[in-house]
Each structure stands twice: as structure tokens, then as C-alpha cells.
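K.L.:
Pasted the sequence and its predicted model underneath.
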Amino acid sequence: MPQTLFDKIWDRHVVRNLDDGSSLVYVDRVFLHERTGGVALTSLAESGRKVRNPAQVFATMDHILDTYPGRGDATEVPGGEAFITTMRETAREAGITLFDINDPRHGITHLISAEQAITLPGLVVVCPDSHTCTLGALGAIGWGIGTSNCEHAMATETLRARKPLQLVVEFNGELANGVTAKDMILYLIGKYSASGAANHAMEFRGPAISALEMEARFTLCNMAVEFSAFTGLIAPDDKTVSYLAGKPYAPAGARWDEAVQNWRELKSDDDAVFDKVLAVDVSDVPPTVTWGISPQHAVAVTAGTPELESADTSEQRAELTQAMDYMGLKPGQPLIGLPIDGAFIGSCTNARLSDLRSAAAVLKGRKVADGIRAICTPASAQVKKAAEDEGLDQVFTASGFEWREPGCSLCFNAGGEGFGPEERVVSSTNRNFRGRQGPRTRTHLASPASVAAAAVAGCIADVRQYQEAAT
Amino acid sequence: MKAFTVHRGVTAPIMQDNIDTDQLIPSREMKRVSKSGLGAGLFAGWRYRYDGSQKIGPADEFVLNQPAYRDASILLSGRNFGCGSSREHAVWALTDFGIRAIIAEGFGAIFRMNCGRNGLLAIDLPADQITALQRFCEADPQTHRLTIDLKNNRVEAGDQHSFAFSIDEADRHMLLNGLDFIDFSLQFRDDIDRFAEAYRHQHSWAVLPATPVDD
């Protein structure tokens, strides 16, 4: 029977199919972070259970810690230090590998998991973080879970779940100038809504996917959860193999050859059947920005907020009105020229080396507009070092951006550093939810280059004008 | 886990789509390395009035602050409830507040699983049925309570409406019997051992050495 990529990975991990329709699914890797890792390990110990296979469990600090230069365990997050020290103590007691603050391998979990080749194609990797789907870019099942399921995974080496339905999104055509993987995923969510992939695992494929570099694929898969997908994944190809070759936890010698041979089978069969098929011509995708309070409120940067007449029902009109009220906007209002207070480049979505290069290309020789608080947080220590080695930090700081230490940073406000009430922020992150980056902060999601363009302009701007002017 | 069989309770409508877990509990309300005491942070952005980022009192207009709904134990909502962050604190905040069930037009995948792990019932119903339940409850919230019968998979609104629902059979079994889901899976320990051994043999490239790699 023809199989999809997801089928192939899922089926090779099924320990047992249960009578109730669920399956016990073998888990290859568990990655923890300080927000919930200490809670999970403490709870596990209190229930008298042990981590079944400590070699497959990893941890880092990313959610709570500060990103100021020279930061340590102390944080502006009230009570935050306890999360950090508990993570460290419980990791030591459980005998798992911790990438601690200031370790040269430190960073956001999903970054480390890829940079260290802890995630490999064909694996099932779980983490108590919804953006674990990022790792689907490697052709793995990246599965975001809660704390209880995390305890389950550590105690049993499995998760118990019903196999999801399956969706494939075919991306055809070629991306236009100034358009990135971020714009592709925002466009998709804007077109089909934030629940467009509910109950489905989602594969991305097609010529426009093959053309994407690995870092862009991570960005695309990262936001599968914002489409309400169970996960997002891309079949491994030569780019995937090159990306992983020689990385610290990648198999070596004969086992590497065996692995690569195995990964070549990891693609959907030509006649595999999906429950749902969507197709996007990426030449239709413009530089995209969100105007509202859900990633589905995504439009071309050259457009404006919707007119209320565009809503089909009174409930939809009420939702649009509520979103515009929160964002301080009116129906039909253009986005270009909207003054901003902050610009943030960071997060597991868009703070890899290629992201920082694209932003630096806009910032080079330009200054951040007066009164704008502009911050760049590389997503990992490796990204930060690589960026500094090619002088990108100098471009950022010369333009007026702060250059920070790796972590989740201002992607969300944990009670410490944040943006202020009613401040308008253009952000390379993944969620424009109400209050996400600070109490009553107004977030507009965009690509890193678009964030840089907005920082320079002092308002939402069309990135293409800044890229064309630079060449 | 607390068993769920039949529950009757005051039902509060929060009729929005895409209520994300940042709304259910903002990250800044998750103050302790603990699963308990999170009810105070439930809907913190909506439930309190603020001066800047300081709470200065309850927001009287918010539904759960209204006297008729203060003891609500069931929520009605729109599409894609609990989307966004995987934070299980959203479920712990709901259960700590006293919520036993949520009826919505779909749920975020991670949130739905988190509900099942904590005895919180997540019920999918179509929009028209949710609207009918909303009208029933709003007419007199204190007396027009909904009854959720998990034994028979039905939601009852007095003698006005009775709607069937279906939930994942695995979750239903765990909820009805109040089972510990890790203990449940550990009954298959021998299957897991056998599988792991075969898997490690077949996919040796996927297996990490027992001692951590050290750079």
C-alpha cells in the first residue's frame, strides 16, 4: 500500500496499536527547557518514576533566561531564577545532557537539536514546546507536547496518541524578490485560517520547497502549529544530508552510510493518498505582514486592514472589530507608514544566520529611526558566533540595534523584559497573540528583512524598496 | 486523575475563535516551578484591570467576573480553542479555577491532549449546536445549567436540547475511570522493551550512545 512520508515514520515507531484506536509510539529524543523541564522531572521523581533512557533526553535554558550581555542565572522574570536552577539540578539528578547558559552549544532547543544533529530524518522527537514542529524540516516527526506527556515520554520512551489525518501542501513556482519562507507560511495561514490544518499532520513539498535552503525550511515548518497542524515536515534530500554531515550527534562511519541510505526512502510514494491537498503558487506570495491578533490576520504589506464588509457574518465582523480595536487600527487602513515603537529579530522562527544576513543587508549603511527600540537576539550561540565572525554584529549595532545573547527573548513576555502597553512592534517571531510580547503590546509578524526595513523607516515598510536601493 | 462521568454546571460563553493559550494564561502568570495555584492567572489579560502592567482590580465586564457566572464549571467557545503554546499551565489554570469541561468548535492539538491528561473534558460540537447551548445558558445562567454525560456521550440543556458528541475513545476510557495515563502505558512495558531492542538493532544509526557525547 502506498505510504506518505508521515506514514513511513509513524509506522516504524508503532510499538503497539491499542483497541481504543490509539497507538503507543516510540520516541527517539526528548528535549527539555527550563520553563517546564524542572516541573516534569520533579513530578516524575515524586511519582517514583525514572527516566527510562537518559541518553535520549536533552535540556537547555531558553524560555526564562535574560538575553542581556553578561547574563547569568539571575533574570528580570519574577521567580525566574528558580526555573533555571531547578532545571540544572533535576537534569543532573536524572543524568541527562544539559546545554547550559554560556555553553558554546547553547541556544533555543529547536536550534540546538538541529545544529547538534540530535534530530535526524526519520526520528520521532518530542519537546514541551509547540514549535517542535520546526524539526520537521529535517524529515523527522517534531512533536510539541505538554508537561504530562513529556513525563510519559521520559518514563516509557513512548507517547500514546491517535494517528492524525494527513495534509500535503504543494508549493509550486518561484519566490519573487523580497519574499521568504516566512512570507510563504504567513500567506498560507492567511488564506486558509489559523485552523486550516486542524487534526492533520502536514507535509510541504514541490519545486519551491526543494529550492529552499535548510534554514528557510526550518522557518516554514516552525509555523505549522500556527496553522493548527499536528506537525509539519519535509522529505529529506541532498540539502538535508549535507546539513547534517559531520555534526556532533550525527552517526559516523558505516552508521552514517546506513543512515543516509535509510533516509533516501523517506519520501511520500508517488501514489500516496492524503486526506487533504492544498496547492500554492509561490509567485503569488507577496512580502506579508500581520495586522491583527492571530497569524491568520496576514496580508500583503501593500494592503491594509480588511473592510468590515469583507466578513460574511456578524460574528466575523465582531472578531475583526475586536482585533482592530486591540491593534489600534481602523477598517481599510493601509499598513505601510504605520508608525512603530519596536523592532525585534529573534526566536526559533527567524533568527538563524541567513535571517541575520538578510536583515543586515537592509541595515547596512542605514540607521534605525529615532525612538525605535530595536533588538536582535540570535537564536543560538553558534548562530551568534557565525554572525560575529562575518561582522554582522557590527552592522546591527552600527544601525542602532541591540545585539543580544541567545534565547527565546522577546518572542514572549514572561514577566521580565517586554514591550510596553499599546506599543507597536514589528517582529520576526511566530505569534501576534494579544499580550504576547508584553501586556497589551501590539505585534506585527514579518520576515527579518521586513523587520529591518520597518526599523529603519520607523514604520511598517515594503522591504523591496530597501533591498532594491541597496543593490 | 479525577474521573469524569456526569457533570452538571453553570456554563459561561466566551464566544471567540482562536482563543490561544497565551490568553488562557499569559507566560508572566506562570510564576512558580509548580503545577498548582495557577487559577489566579486564568484569563489574566481579560479578568483584571491594569494600570500599565500592574493589576488594579477585577474587570467587572469579563464573563467569569459576573455574579451569574462566577462559579462556572463549563465553558462554551468558538473554533480552535487552546491553539498556540503547548503550556499545560493553561489546563492547570482552568482546572484550578474549577472548569471541568470545554465545549468548542475544535481545539488546538496539544491543548486537547493536555486536557485528556488532566481530567478536563474537551468536547467538539458544530457551531449551530454551540449557539443553541449559548442561548439556553444566557437566558438564566444559574438555573440553566448544562449536563455533560460522558457515559452516554451527550450534552443536555434542560429539556430543550440534547446533543450527542464523540471524543477520542482512548481519552474517554481514561476519563471515565480516572486512570493514570503513565501507569496505563506501563502495562505494555514488555512490548516496549521488545520493540526498543528490535528498533535499536534495525536502526542502529538512530540510537545515541549510552554515555553523552562530550565536546
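P.N.:
Perfect, I can see it now.
K.L.:
I'd like to know how far B:Ile123 sits from B:Arg172.
P.N.:
Between B:Ile123 and B:Arg172 the distance is 11 Å, computed by C-beta to C-beta, to the nearest Å. Every C-beta, even on glycine, is put in place using the N, C-alpha and C of the backbone.
K.L.:
Please say which of those two ends up with more neighbours.
P.N.:
Ranked by neighbour count (other C-beta atoms under 10 Å in any protein chain shown), B:Ile123 and B:Arg172 place B:Ile123 first, with 21 against 18.
K.L.:
Stretch B:159-179: end-to-end distance?
P.N.:
32 Å (C-alpha to C-alpha, to the nearest Å).
K.L.:
Kindly report the same for stretch B:140-150.
P.N.:
First-to-last residue span, stretch B:140-150, C-alpha to C-alpha: 24 Å.
K.L.:
Quickly check: that stretch near chain A or not.
P.N.:
No: if you take C-beta under 8 Å from any C-beta of the partner chain as the test, stretch B:140-150 misses chain A, and the best it gets is 14.4 Å.
K.L.:
buried residues in that stretch?
P.N.:
B:Pro141, B:His144, B:Arg145, B:Leu146, B:Ile148, B:Leu150 (16 or more other C-beta atoms under 10 Å in any protein chain shown).
K.L.:
same question, stretch A:98-109
P.N.:
For stretch A:98-109, the buried set under the neighbour-count rule, 16+ other C-beta under 10 Å, comprises A:Leu98, A:Phe99, A:Ile101, A:Arg105, A:His106, A:Gly107, A:Ile108, A:Thr109.
K.L.:
can you tell me which of those are in strands?
P.N.:
Counting by DSSP state E, the part of the buried residues of stretch A:98-109 found in strands is A:Leu98, A:Phe99.
K.L.:
how many neighbours does the closest residue to A:Asn17 other than its chain neighbours have?
P.N.:
Spatial nearest neighbour of A:Asn17, chain neighbours left out: A:Ser23 (5.0 Å); criterion: C-beta to C-beta, 6 or more residues apart in numbering or on different chains. As a burial measure, A:Ser23 scores 21 neighbours (other C-beta under 10 Å).
K.L.:
Likewise for the one 5 residues further on?
P.N.:
Summarising burial for A:Asp28: neighbours were counted as other C-beta under 10 Å, giving 23.
K.L.:
who's in contact with it?
P.N.:
A:His13, A:Gln56, A:Leu123, A:Val124, A:Val125, B:Ala206 (C-beta atoms under 8 Å, 6 or more residues apart in numbering or on different chains).
K.L.:
Buried ones in the longest strand seen in chain A, by neighbour count?
P.N.:
Longest strand in chain A by number of residues, with DSSP E as the criterion: strand A:165-172. For strand A:165-172, a neighbour-count test (16+ other C-beta under 10 Å) marks A:Leu165, A:Gln166, A:Leu167, A:Val168, A:Val169, A:Glu170, A:Phe171 as buried.
K.L.:
what's the farthest-apart pair in those residues?
P.N.:
A:Leu165 and A:Phe171 (20.1 Å; C-beta to C-beta).
K.L.:
on that earlier part again, of the buried residues of strand A:165-172, which is the nearest to A:Ile141?
P.N.:
For those, the nearest to A:Ile141 is A:Gln166 (11.9 Å; C-beta to C-beta).
K.L.:
shouldn't the closest one be in contact with A:Phe6?
P.N.:
Yes: using C-beta atoms under 8 Å, A:Gln166 is in contact with A:Phe6, at 5.6 Å.
K.L.:
Mutual contacts of the two, please.
P.N.:
Residues touching both A:Gln166 and A:Phe6 by C-beta under 8 Å, 6+ apart: A:Ala201, A:Glu203.
K.L.:
quick one on the thing from earlier: need the phi and psi values for the residue nearest to A:Asn17.
P.N.:
phi -130, psi 150 (degrees, to the nearest 10).
K.L.:
how about it, what does it touch?
P.N.:
If you count contacts by C-beta under 8 Å, 6+ apart, A:Ser23 has them with A:Trp10, A:Val14, A:Val15, A:Arg16, A:Asn17, A:Arg160, A:Ala161, A:Arg162, A:Lys163.
K.L.:
Point me to the helix or strand that includes the residue nearest the centre of chain B.
P.N.:
When C-alpha atoms, centre = their mean is applied to chain B, the residue found nearest the centroid is B:Cys115 (3.9 Å). Assigned by DSSP states H and E, B:Cys115 belongs to helix B:109-117.
K.L.:
now, which of the buried residues of strand A:165-172 sits nearest B:Ala68?
P.N.:
Ranking the buried residues of strand A:165-172 by separation from B:Ala68, with C-beta to C-beta as the measure, puts A:Leu165 on top at 39.4 Å.
K.L.:
what separates the closest residue to that closest one other than its chain neighbours from chain B, distance-wise?
P.N.:
Spatial nearest neighbour of A:Leu165, excluding adjacent residues (C-beta to C-beta, 6+ apart): A:Asp275 at 4.2 Å. Distance of A:Asp275 to chain B, given as C-beta to the nearest C-beta, to the nearest Å: 15 Å.
K.L.:
Same question for A:Pro331.
P.N.:
18 Å.
K.L.:
How about the secondary structure of that residue?
P.N.:
coil (DSSP: H, G, I helix; E, B strand; the rest coil).
K.L.:
quick one, domains of chain A?
P.N.:
A:5-162, A:165-236+A:268-284, A:288-470 (automatic domain parsing).
K.L.:
what's the closest of those domains to B:Val6?
P.N.:
Minimum separation from B:Val6 across those (C-beta to C-beta) falls at domain A:5-162, 20.9 Å.
K.L.:
How about the secondary structure of A:Met202?
P.N.:
A:Met202 ends up strand, using three-state DSSP.
K.L.:
Could you list every helix and strand in contact with the longest strand of chain A?
P.N.:
strand A:200-205, helix A:207-210, strand A:276-281 (3 or more C-beta pairs under 8 Å, 6 or more residues apart in numbering or on different chains; DSSP states H and E).
K.L.:
most packed of those?
P.N.:
Counting by mean count of other C-beta atoms under 10 Å in any protein chain shown, strand A:200-205 has the highest mean neighbour count of those, with a mean of 26.
K.L.:
Which elements pack onto it?
P.N.:
Judged by 3+ C-beta pairs under 8 Å, 6+ apart, strand A:200-205 is in contact with helix A:5-13, strand A:165-172, helix A:214-222, strand A:231-233.
K.L.:
Now do it against helix A:214-222: the angle between them, please.
P.N.:
Put simply, strand A:200-205 runs at 160 degrees to helix A:214-222, going by axes from the mean of the first three to the mean of the last three C-alpha atoms, to 10 degrees.
K.L.:
Enumerate every residue touching A:Asn262.
P.N.:
Per C-beta under 8 Å, 6+ apart, neighbours of A:Asn262: A:Gly122, B:His203, B:Trp205.
K.L.:
confidence score at the closest residue to the second one other than its chain neighbours?
P.N.:
Going back to what we said before, that points to B:His203. Ranked by C-beta to C-beta, 6+ apart and with sequence neighbours excluded, the top spatial neighbour of B:His203 is A:Asn262, at 7.0 Å. In this model, A:Asn262 is scored at 98, pLDDT.
K.L.:
Now do the helix or strand A:Asn262 falls within against helix A:5-13, angle only.
P.N.:
For A:Asn262, the host element (DSSP H and E) is helix A:254-263. Between helix A:254-263 and helix A:5-13, the angle formed by their directions is 130 degrees, by the same axes, to 10 degrees.
K.L.:
quick one: helix A:254-263 to chain centroid distance?
P.N.:
On the basis of C-alpha atoms, centre = their mean, to the nearest Å, helix A:254-263 sits 28 Å off its chain's mean C-alpha point.
K.L.:
mind listing what's buried in it?
P.N.:
The neighbour-count check on helix A:254-263 (16+ other C-beta under 10 Å) flags A:Trp256, A:Ala259, A:Val260, A:Asn262, A:Trp263 as buried.
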